[in-house]
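# Got a sequence here, can you model it:
(chains A, B, C and D)
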Protein chains: 2
Amino acid sequence: MSDVARLAGVSIKTVSRVVNDEPAVHPDTAERVMAAIEQLGFRRNLGARNLRRGSTTGTIGLIVEDVGNPFYSELNRAVERIATSFGRQVLTGSSEENSDRERELVLEFCSRRVDGILVVPAGMQHGYLVPEMRAGTPVVFLDRPAGDIVADTVLVDNIGGTVEAVAHLVKHGHRRIAFLADSPDIFTAGERLRGFREGCVRNGIPYDESLVVMRTPTAESVGDAVRRLLTGPNPATAVIAGNNRVAVHLLRTLAHARRRPAMISFDDFELADLLDPPVSVIAHDVSALGRAAAELLFARVQGDQSAPRKVVLPVHLVARGSGEVAPS
Amino acid sequence: MSDVARLAGVSIKTVSRVVNDEPAVHPDTAERVMAAIEQLGFRRNLGARNLRRGSTTGTIGLIVEDVGNPFYSELNRAVERIATSFGRQVLTGSSEENSDRERELVLEFCSRRVDGILVVPAGMQHGYLVPEMRAGTPVVFLDRPAGDIVADTVLVDNIGGTVEAVAHLVKHGHRRIAFLADSPDIFTAGERLRGFREGCVRNGIPYDESLVVMRTPTAESVGDAVRRLLTGPNPATAVIAGNNRVAVHLLRTLAHARRRPAMISFDDFELADLLDPPVSVIAHDVSALGRAAAELLFARVQGDQSAPRKVVLPVHLVARGSGEVAPS
DNA sequence: CGCCACTATGACAACGTTGTCTTCCAGCGG
DNA sequence: CCGCTGGAAGACAACGTTGTCATAGTGGCG
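Numbering: from 1, shown residues only, chains lettered A, B, ... in the order given. Got it, this is the predicted structure:
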């Protein structure tokens, strides 16, 4: 900036004025300054600016499990759209479902003085956030609740959706329904399990724990589970996949299986409608989830001090075929 | 920081020493300072630190077309992994295939003094980057070249892959092959078209322009194209989809079509192997693309001054079924 | 002609850190 | 008892900006 000032023959303050479009600068002077800026390739240092002004940094942080997972990337995109409309940039990070990593990312973002944080939390302990929130960094929890602290939260109706899935399968004649989901440490998996159990009870079928498998989904873990659940004297005739990852592994396993159970997946996913049979899903609007959370965050950034809110977004069953086959 | 100093009864410089793990601080003093930090919830301001030290900010920028597109989110993830291993955070942005928006994002990132920029460029004009690069911000172009400036670039073998796709289809008896891709303004689409043409020539079939449709893929545009190409007296018996978006729309259209041509998609995508028939693709390693670009970028960040490099990653045909059906 | 209002510009401090240099004090050898 | 060494801590400036206040010049009005 001082280089620009020297070249234009003005003071550094005048350069600042030009850069900030402040009035009270003579057009000729402004032009000289602009020329100097152009010539030197000057670009104002936003870090210094934010430091001096004590204002917001114009960034928000987004922490998800894995930015590469289509579910989270759709979320990322929705958040980005809102952020852009508020003139903010987005710092993203993948926690890899590891609460230490999540914490590291959050604190790093706080050190960078992000204006707010959106987090799909990895664990249930978030006490470390209290000082940051008290210091004025708003935090919104997304898809999963905070656990041990009170904070804004946007969820989907995990229980209602799973209850609906069970009801749908029972309506089509199934009484032995398996439930395959991610580790019970993950909130959504636990909630969907509760929904599964409640669905069984409400629809008058026994809740059979031996038909429930909850493990981090991999090709092997899902494959093993499926082989066990679909064989034996009293096999499952239908399967509910607890999320899109489970669903994908499940589909890949079933592709080579002799017996094809009915199936419903929690979470919609691309091409589900083109498989054979098309996959019925409990769909929810991932973009809406990101939008709602980001809008809530920016309300806080702009000073909304009202009590923490909890938003639960609706889900709905999309019947495409895989959930409507009768028990074999 | 001065609050912490006051509470601990030391000077602000001593707090700085503690925060930075510098030696020459008495253990008792350090403990008092730590306690004060804890009590006040102090977190050092990285912006101020970077300003003072004049060092790197520990951030890189990544600009893609759409962070929500599975192709780019996989890229994002790969980049993030490398960035993390170098202790950096990633700022992401979607250009929406709009070169003005891309420019805005790049300049914004430069103002934030990112240590480097990875960009999937939206246009062919990048002169605006020259001053930034001269000022020391390394830039690596990803998936598409810079166009009018010399810079590090990581591409995939678009031409070779498409030639291979044509050869494969011809080997299975096809002579009327359609090519459906994104707008020719997009580098990869243009290159793949060149590959298509070269494939026709090399394999002794006529290159027929009426079988080529290049438009931004939407359900409508692809649907219209398919209906036109597959009807009439001399319809296409095979289709090459120029990218994963085209492929998805194409599949959705064909699902309801009477005539099912052979098909090969450039870009692999999730569940391609589970469709009926499984979709043959020209696959490339998207993660490797992101990794290679990020590694190149960090080499530059760490001072590698060698001549700009151009890396072309190999692609390979994955025959799954859809490309092996005979002409009807 | 003197005063005021207004425009254009600059000097200076401050934002929160850290690098450099200085100060203070205890311990030790001669 | 003196001078020296080394460890612990502080004073101060600087990073690149911008807010505040001061200054210089110009034109209008009584």
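# what number of residues lie near whichever residue of the stretch 51-200 of chain A sits closest to DNA strand D?
Relative to DNA strand D, the nearest point of the stretch 51-200 of chain A is A:Arg52 (3.4 Å; Cβ to the nearest atom of the strand). Where you see a C-beta, it was placed from the backbone N, CA and C, and this is true even at glycine. Using other Cβ atoms under 10 Å in any protein chain shown, the number of residues around A:Arg52 comes to 10.
# and it, that's in a strand?
No. Read with DSSP: H, G, I helix; E, B strand; the rest coil, A:Arg52 is helix and lies in no strand.
# those strands in the stretch 51-200 of chain A, which residues are they?
Using DSSP state E, counting those that start in this stretch, the strands found in the stretch 51-200 of chain A span residues A:59-64, A:89-94, A:116-119, A:139-142, A:152-156, A:177-181.
# and those, which is most packed in?
The highest mean neighbour count among the strands of the stretch 51-200 of chain A, using mean count of other Cβ atoms under 10 Å in any protein chain shown, belongs to strand A:177-181: a mean of 28.
# what's that strand in contact with?
A:166, A:169-170, A:189, A:192-193, A:196, A:200, A:205, A:211-214, A:217, A:222, A:225-226, A:229, A:236-243, A:246, A:250, A:261, A:266 (Cβ atoms under 8 Å, 6 or more residues apart in numbering or on different chains).
# Also stretch A:153-161?
A:140-146, A:188, A:191-192, A:194-195, A:198, A:266, A:282, A:284, A:289, A:292-293, A:296, A:308-317.
# can you give me the end-to-end distance of it?
Criterion Cα to Cα, to the nearest Å; first-to-last residue distance in stretch A:153-161 is 18 Å.
# Grab the nearest non-local neighbour of whichever residue of the stretch 101-250 of chain A sits closest to chain B.
With Cβ to the nearest Cβ, the shortest gap between the stretch 101-250 of chain A and chain B falls at A:Pro131, namely 3.1 Å. Spatial nearest neighbour of A:Pro131, chain neighbours left out: B:Gly41 (3.1 Å); criterion: Cβ to Cβ, 6 or more residues apart in numbering or on different chains.
# Please apply the same query to A:Ala135.
In this structure, A:Ala135 finds its nearest non-sequential neighbour in B:Gly41, 5.7 Å apart by Cβ to Cβ, 6+ apart.
# how near is that neighbour to B:Ile12?
When distance is defined by Cβ to Cβ, to the nearest Å, B:Gly41 is 17 Å away from B:Ile12.
# got it, and A:Val163?
A:Val163 is 58 Å from B:Ile12, where distance means Cβ to Cβ.
# And for A:Arg245?
Using Cβ to Cβ, A:Arg245 is found at 49 Å from B:Ile12.
# of the contacts of stretch A:153-161, buried ones?
Listed as buried from those are A:140-146, A:188, A:191-192, A:195, A:198, A:266, A:282, A:284, A:289, A:292-293, A:296, A:308, A:311, A:313, A:315, A:317; burial here means 16 or more other Cβ atoms under 10 Å in any protein chain shown.
# ok, of the contacts of strand A:177-181, which come out buried?
Among those, those classed as buried by 16+ other Cβ under 10 Å are A:166, A:169-170, A:189, A:192-193, A:196, A:200, A:205, A:211-214, A:217, A:222, A:225-226, A:229, A:236-243, A:246, A:250, A:261, A:266.
# Kindly list the main-chain dihedrals of A:Ala262?
Here is the backbone geometry of A:Ala262 (degrees, to the nearest 10): phi -70, psi 160.
# For it, name its beta-bridge partners.
A:Ala238 (DSSP bridges).
# Near DNA strand C, which residues of the stretch 1-150 of chain A are found?
Applying Cβ under 7 Å from any atom of the strand, one finds that the stretch 1-150 of chain A approaches DNA strand C through A:9-14, A:17, A:23-26, A:28-29, A:48, A:51-52, A:54.
# Going by neighbour count, which of these are buried?
Buried members of those, scored by 16+ other Cβ under 10 Å, are A:10, A:14, A:17, A:25, A:29, A:51.
# how about those residues in TSV, adding secondary structure?
Below are these laid out as TSV (three-state DSSP):
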residue	secondary structure
A:Val10	coil
A:Thr14	helix
A:Arg17	helix
A:Val25	coil
A:Thr29	helix
A:Leu51	helix
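# which residues touch A:Asp143?
A:75, A:120, A:154-156, A:188, A:289.
# Out of those residues, which comes closest to B:Glu108?
A:Leu75 (22.1 Å; Cβ to Cβ).
# isn't that closest one right up against A:Val90?
No. At 11.2 Å, A:Leu75 does not count as touching A:Val90 under the criterion of Cβ atoms under 8 Å.
# Okay, buried residues for stretch A:28-42 please.
Buried, per 16+ other Cβ under 10 Å, within stretch A:28-42: A:29-30, A:32-33, A:36-37, A:40, A:42.
# from the chain's centre, how far out does it sit?
44 Å (Cα atoms, centre = their mean, to the nearest Å).
# Please apply the same query to stretch A:45-56.
With Cα atoms, centre = their mean, you get 29 Å for stretch A:45-56.
# Let me see the backbone angles for A:Ser280.
Torsion angles, degrees, to the nearest 10, at A:Ser280: phi -80, psi 140.
# Can you report how many residues neighbour the residue lying closest to it once chain neighbours are set aside?
Nearest residue to A:Ser280 in three dimensions, chain neighbours excluded: A:Gly323, at 3.2 Å (Cβ to Cβ, 6+ apart). Neighbour count of A:Gly323, defined by other Cβ under 10 Å: 27.
# what does A:Val19 give?
Neighbour tally, A:Val19, other Cβ under 10 Å: 17.
# what's the helix or strand for the residue lying closest to it once chain neighbours are set aside?
Distance criterion Cβ to Cβ, 6+ apart; nearest residue to A:Val19, sequence neighbours excluded, is A:Arg44 at 5.3 Å. Under DSSP states H and E, no helix or strand contains A:Arg44.
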